[in-house]
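Enquirer: Need coordinates for the following:
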Amino acid sequence: MTNPLTLTKRFSKAAALCAVATVGFASHSAEALEISGLIKVNGTEMSGVTIAAYDCADSTYLGLVYSGATDNSAGTPVNFAMSVPMDNVRLELYYTDVPGTPFADQCRAFVNCGEITVADGKATVNFDMTCGDEPEEPEAPGVHGHGFWKTHLNEWPVESLTIGGRTFSKAQILFLMRLPERGDKTRHLFRELLAAKLNVAAGNDDSCIIQTIDAVDMYLSRLTINSVLKASSPQWKRVFPAVKRLADYNDGRLCAPAAENDSRDCDDDDDRDDDDRDDDRADNRRRR
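Expert: Coordinates of the predicted model:
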């Protein structure tokens, strides 16, 4: 049997309004199946949807109908009905709102083998096709350094954050961010971790940094912010590579680009202060 889906000429919509069209069906047998249901497109009951049936055993084409106007007379809304000569079938659905569009270019959906439940020679198939262009994902806003977040509170995507196992309000975070580092690397760690979390919460890609965020978060939970962690201490040297990676992420050097409107305080890039240099000089003296 010739497959009408290969034809370029569409059947008229007048034929589509017939609830039980029998275009090109094979003769019925004792195993005939009556299928009816409601076809929607993007949530709207739709006429003019092509519904083609195929045998699941060997993909033999069995015929097609078009969905028509919705009929509620039996108490259950239906807009198509069809008879096929066997009860193990699959359906292909095609839809376009542009007349003359080839089937290959139409919106297409499938009711696969095994998805049609048969009872007493009848089956109900309700299907909502999703057609049209996929919605574009919103463009990531880009990352900022902690200096930006300190001075642009209205840009924060959240009102509070859990950092190091403790939840801080925006006011508490701002107070801690404004403290000079003065040789206490817990403050530096806090700032970079905060900025990374805000960048992720704002919608930026976190695939390259989420494990680092979790690791530094766990590390900070074992410390106290403002506990005067020196740059020369083993604890800081152990966590420094991870903090440096946070800084790289916040600067747009990893998987998320820097925001075009980024505004950074000078302390964003100044990871070393006078106390750090004093610690380094003390280390050098000890090595001598």
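
Enquirer: How many neighbouring residues does residue 83 have?
Expert: Neighbour count for residue 83, taken as other C-beta atoms under 10 Å: 18. All C-beta spots, glycine's among them, are computed from the backbone N, C-alpha and C.

Enquirer: That one against residue 33, yeah?
Expert: Yes: counting by C-beta atoms under 8 Å, residue 83 does reach residue 33; the two are 7.1 Å apart.

Enquirer: what's the burial count for residue 242?
Expert: Residues lying near residue 242 (other C-beta under 10 Å) number 19.

Enquirer: ok, for residue 179, nearest residue in space, not its chain neighbours?
Expert: Ranked by C-beta to C-beta, 6 or more residues apart in numbering and with sequence neighbours excluded, the top spatial neighbour of residue 179 is residue 187, at 5.8 Å.

Enquirer: And the one you found, which helix or strand is it part of?
Expert: helix 185-201 (DSSP states H and E).

Enquirer: same for that helix, what does it pack against?
Expert: Other elements packing on helix 185-201 under the criterion 3 or more C-beta pairs under 8 Å, 6 or more residues apart in numbering; DSSP states H and E are helix 146-151, strand 160-163, helix 170-177, helix 210-221, helix 234-250.

Enquirer: on that earlier part again, could you list every residue that touches the residue nearest to residue 179?
Expert: 176, 179, 180, 181, 225, 226 (C-beta atoms under 8 Å, 6 or more residues apart in numbering).

Enquirer: Test my guess that the first one contacts residue 193.
Expert: No: under the criterion of C-beta under 8 Å, residue 176 is not in contact with residue 193, lying 11.3 Å apart.

Enquirer: And those two? Which one has more around it.
Expert: The residue with more neighbours, out of residue 176 and residue 193 and counting by other C-beta under 10 Å, is residue 193; that gives 24 against 16.

Enquirer: Excluding chain neighbours, what is closest to that one?
Expert: Beyond its immediate neighbours in the sequence, the residue positioned closest to residue 193 (C-beta to C-beta, 6+ apart) is residue 216, lying 5.2 Å away.
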